[in-house]
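Chemist: Structure for the following, please:
(one chain, ligands or ions: 2)
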Amino acid sequence: MSNPSSTIMQERSVTVPRLNFAGVCMACTERDCEKSACLAFWSRLRWIVCPICNGGSLEGSPVDCCTYGAMEIRC
Ligand SMILES: [Zn+2]
Ligand SMILES: [Zn+2]
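Modeler: Numbers count the residues shown, from 1 in each chain. Ligands and ions are numbered 1, 2, ... in the order given. All right, here's what the predicted structure looks like:
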(Lines give C-alpha, C1' and ligand atoms only; values in the text may rest on other atoms or scores of the structure.)
(Ligands and ions follow the chains in the order given, each with its own letter.)
Protein backbone atom coordinates (compact mmCIF):
# COMPACT_ATOMS: atom_id res chain seq x y z
CA MET A 1 0.00 0.00 0.00
CA SER A 2 2.52 2.59 -1.07
CA ASN A 3 1.50 5.90 -2.48
CA PRO A 4 4.70 7.39 -3.82
CA SER A 5 3.21 10.19 -5.88
CA SER A 6 1.19 12.23 -3.45
CA THR A 7 2.10 15.35 -5.33
CA ILE A 8 0.88 18.69 -4.14
CA MET A 9 2.65 20.52 -6.88
CA GLN A 10 0.71 23.52 -8.05
CA GLU A 11 3.82 25.47 -7.18
CA ARG A 12 6.88 24.61 -9.15
CA SER A 13 9.94 24.90 -6.97
CA VAL A 14 13.03 26.40 -8.49
CA THR A 15 16.61 26.94 -7.45
CA VAL A 16 18.01 30.43 -7.15
CA PRO A 17 21.79 30.79 -7.02
CA ARG A 18 23.10 32.53 -3.93
CA LEU A 19 25.60 34.54 -5.93
CA ASN A 20 24.11 36.85 -8.51
CA PHE A 21 25.54 37.39 -11.98
CA ALA A 22 28.20 39.69 -10.58
CA GLY A 23 29.27 37.16 -7.97
CA VAL A 24 27.66 39.07 -5.13
CA CYS A 25 26.09 37.08 -2.31
CA MET A 26 22.36 37.76 -2.22
CA ALA A 27 22.26 37.01 1.50
CA CYS A 28 24.80 39.57 2.68
CA THR A 29 25.59 41.53 -0.52
CA GLU A 30 29.29 40.76 -0.18
CA ARG A 31 31.31 39.92 -3.25
CA ASP A 32 32.65 36.37 -3.62
CA CYS A 33 31.19 35.50 -0.24
CA GLU A 34 31.74 31.96 1.00
CA LYS A 35 30.61 32.37 4.58
CA SER A 36 29.07 29.20 5.93
CA ALA A 37 26.35 31.26 7.60
CA CYS A 38 25.23 32.52 4.21
CA LEU A 39 25.41 29.04 2.71
CA ALA A 40 23.25 27.67 5.50
CA PHE A 41 20.85 30.59 5.33
CA TRP A 42 20.47 30.30 1.57
CA SER A 43 19.97 26.56 1.60
CA ARG A 44 16.97 27.02 3.89
CA LEU A 45 15.18 29.30 1.46
CA ARG A 46 12.53 27.83 -0.78
CA TRP A 47 11.63 29.37 -4.10
CA ILE A 48 8.75 28.92 -6.48
CA VAL A 49 8.02 30.31 -9.90
CA CYS A 50 6.51 33.71 -9.19
CA PRO A 51 2.72 33.42 -9.44
CA ILE A 52 2.32 37.16 -10.02
CA CYS A 53 4.31 37.45 -13.23
CA ASN A 54 4.45 33.73 -13.99
CA GLY A 55 8.22 33.68 -13.79
CA GLY A 56 8.58 36.95 -15.64
CA SER A 57 6.67 35.82 -18.68
CA LEU A 58 3.61 38.02 -18.20
CA GLU A 59 3.72 41.42 -19.82
CA GLY A 60 2.80 44.39 -17.67
CA SER A 61 3.48 42.67 -14.38
CA PRO A 62 5.20 44.59 -11.60
CA VAL A 63 8.96 44.46 -11.92
CA ASP A 64 9.61 44.12 -8.22
CA CYS A 65 7.28 41.24 -7.44
CA CYS A 66 10.05 38.67 -7.38
CA THR A 67 13.71 37.87 -7.97
CA TYR A 68 14.31 37.05 -11.63
CA GLY A 69 10.95 35.28 -11.84
CA ALA A 70 11.38 33.32 -8.62
CA MET A 71 9.60 34.12 -5.38
CA GLU A 72 10.78 33.16 -1.93
CA ILE A 73 8.32 31.24 0.18
CA ARG A 74 8.65 31.19 3.93
CA CYS A 75 7.79 27.98 5.62
ZN1 LIG B 1 27.16 36.12 2.06
ZN1 LIG C 1 7.21 38.10 -10.41
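Chemist: W47 contacts G69, doesn't it?
Modeler: No - look at W47 against G69 with C-beta atoms under 8 Å: they stay out of range, at 9.6 Å. Placement of C-beta: from N, CA and C, glycine included.
Chemist: for the chain, which spans come out with low pLDDT?
Modeler: 1-10, 75 (pLDDT under 70).
Chemist: Could you pick out the residues of it near ligand 2 for me?
Modeler: Contact residues (C-beta under 5 Å from the ion) of the chain with ligand 2: C50, I52, C53, C65, C66.
Chemist: Once you drop chain neighbours, what's closest to C66?
Modeler: C50 (3.6 Å; C-beta to C-beta, 6 or more residues apart in numbering).
Chemist: looking at it, that neighbour is touching A70, isn't it?
Modeler: Yes - contact criterion C-beta under 8 Å: C50 and A70 qualify, at 6.2 Å.
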